[in-house]
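Asker: need a structure here:
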Amino acid sequence: MFSRDDVIYTAGLLDGEGCVGVHKTDTSHRRFRYHLVVTITSTNAYICEWLRQKFGGAIRFWEESQRRSPRHKDRYTWIKVRGQAADFLRVVQPFVKLKSLQIENALVFQSSFRKTPKGKPKHLTEEEEAVREACRIVACDLNRKGTSILGVRTLTI
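Answerer: Take a look at the predicted model:
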């Protein structure tokens with residue numbers, strides 16, 4: 001379980017070292033799958049392990065061969081995806097200062113999912129696909145380096 005202080009600290013980590021994104025993968029036959037991804041990256045393994053213990057999720061270790069420069073330290077990424085990521089964002093949302101637009105966009109994206117009976121294929125309607133693609137484009141725009149809060153494009157659905 002986590003305390004209010006844990007949530008406030010984590011909101012700061014998300015603001016400073018985190019990313020809230022919508023990813024699109026090509027499955028086949030021009031069908032796409034979209035999913036919400038929240039990450040926090042650090043060179044301190046303890047931080048990512050603490051996040052995993054408090055909030056669940058997984059940790060990815062970036063090997064030496066994946067560094068951009070040999071002078072860079074090892075890095076670790078804490079990851080939460082899909083509905084669990086949305087649940088996490090709802091917890092930290094009141095305390096986030098910089099990524100509030102990314103969180104709002106992510107929650108609009110996640111609300112576009114509908115429940116289907118087990119075993120039934122989840123074919124997207126044109127409207128669902130349009131909402132998810134719009135959210136992905138907005139997420140990319142908001143996460144682009146150099147984007148200022150004053151120059152951000154917002155999504156109206």
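
Asker: just checking, what packs against the one helix or strand residue 127 maps to?
Answerer: Using DSSP states H and E, residue 127 sits in helix 126-143. When contacts are defined as 3 or more Cβ pairs under 8 Å, 6 or more residues apart in numbering; DSSP states H and E, helix 126-143 packs onto strand 18-28, strand 31-42, helix 100-110. In short, each C-beta sits where N, CA and C put it, glycine included.

Asker: how does it look with 7 Å?
Answerer: strand 18-28, helix 100-110 (3 or more Cβ pairs under 7 Å, 6 or more residues apart in numbering; DSSP states H and E).

Asker: centroid residue for this protein?
Answerer: Geometric centre of the chain, nearest residue: residue 38, 2.5 Å, by Cα atoms, centre = their mean.

Asker: tell me the pLDDT of it.
Answerer: For residue 38, the pLDDT comes out at 98.

Asker: same question, the one 10 residues further on
Answerer: pLDDT, residue 48: 97.

Asker: quick one: contacts for it?
Answerer: Each residue near residue 48 by Cβ atoms under 7 Å, 6 or more residues apart in numbering is listed here: 42, 59, 76, 77, 78.

Asker: equivalent analysis for residue 132, please.
Answerer: Applying Cβ under 7 Å, 6+ apart, the residues contacting residue 132 are 34, 109, 112.

Asker: the residue nearest to the centre of the chain and residue 72: what is the separation?
Answerer: 23 Å (Cβ to Cβ, to the nearest Å).

Asker: ditto for residue 88
Answerer: 27 Å.

Asker: and what of residue 103?
Answerer: 29 Å.

Asker: again with residue 40
Answerer: From residue 40 across to residue 72, the span is 17 Å (Cβ to Cβ).

Asker: neighbour count for those two, which is higher?
Answerer: Remark: of residue 40 and residue 72, residue 40 carries more neighbours, 22 against 12, as counted by other Cβ atoms under 10 Å.
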